[in-house]
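A.B. asks: What follows is a predicted protein model with its sequence.
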Amino acid sequence: AQSVSQHNHHVILSEAASLELGCNYSYGGTVNLFWYVQYPGQHLQLLLKYFSGDPLVKGIKGFEAEFIKSKFSFNLRKPSVQWSDTAEYFCAVNSAGTASKLTFGTGTRLQVTL
Amino acid sequence: DGGITQSPKYLFRKEGQNVTLSCEQNLNHDAMYWYRQDPGQGLRLIYYSQIVNDFQKGDIAEGYSVSREKKESFPLTVTSAQKNPTAFYLCASSSRQALAKNIQYFGAGTRLSVL
């Protein structure tokens, strides 16, 4: 069975600090990888995704993530966070070519202070 | 305005009572999903449906039931058999074209509490 680990449960950063949120998954086959974000009071929305090709993917609002196959990792990064990035971030994975079984991590709550 | 509508936003259940959460989408998506979100546990899949009149159990289906009589609707019933129903419930959908890539779009959620 697939599983996703997000080791940082709660991260507090000052504005302009750099961000890296860890995500590791367990699955031996080809995967699709996602980061979703849930801003306070808003819908869960897709931040970025990796299906194939360049392992460094760029998403909305200056976020990027790097897929490192040998480490089963898909860490999320942003060089300089803003107060508006305060949200909960979820990593998710599914097996490439299969439908529906999207497995989420437990989430990381990011708090950005002014 | 296209999207996924979940209602009600807040719901209260008495002990021994069944309650039904509504999820409607006008995105013409074939697949729909129900997740449960608990603090510190992320999202866990309850049921999903890839086409009308068909659905499959997810990881935590016990105590829940669903139906998919129409493409745009996927109601979730939380039965009295669900011993810990207090949670935030999220509905999602994805299109057939994106199905293999599994890009899911989410509703605003329903927060269920037990009285």
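C.D. replies: It's in.
A.B. asks: hey, let's count contacts and neighbours off CA atoms from now on
C.D. replies: Will do.
A.B. asks: Need the residues that contact stretch A:61-81.
C.D. replies: A:13-26, A:33, A:35, A:47-48, A:50, A:55-58, A:112 (Cα atoms under 8 Å, 6 or more residues apart in numbering or on different chains).
A.B. asks: Show me the shaky parts of chain B.
C.D. replies: Judged by pLDDT under 70, chain B has its weakly predicted residues at B:1-2, B:98-101.
A.B. asks: residues in it within reach of chain A, list them.
C.D. replies: B:31, B:40-45, B:48, B:50, B:58, B:99-109 (Cα under 8 Å from any Cα of the partner chain).
A.B. asks: Which residue comes closest to the closest residue to chain A within chain B once chain neighbours are left out?
C.D. replies: With Cα to the nearest Cα as the measure, residue B:42 is the residue of chain B nearest to chain A, at 3.7 Å. Nearest residue to residue B:42, sequence neighbours excluded (Cα to Cα, 6 or more residues apart in numbering or on different chains): residue A:106, at 3.7 Å.
A.B. asks: and whichever helix or strand residue B:43 is part of, which strands flank it?
C.D. replies: When elements are assigned from DSSP states H and E, residue B:43 belongs to strand B:42-51. Sheet pairing of strand B:42-51 (DSSP bridges) gives strand B:31-38 (antiparallel), strand B:54-57 (antiparallel).
A.B. asks: will you turn the ones you listed into JSON lines that also has mean neighbour count?
C.D. replies: Output for the strands paired with strand B:42-51, formatted as JSON lines (neighbours: other Cα atoms under 10 Å in any protein chain shown):
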{"stretch": "strand B:31-38", "mean neighbour count": "23"}
{"stretch": "strand B:54-57", "mean neighbour count": "15"}
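A.B. asks: got the ones you listed as JSON lines, with distance to residue A:92 columns?
C.D. replies: Converted to JSON lines, the strands paired with strand B:42-51 look like this (distance: least, Cα to Cα, whole Å):
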{"stretch": "strand B:31-38", "distance to residue A:92": "13"}
{"stretch": "strand B:54-57", "distance to residue A:92": "19"}
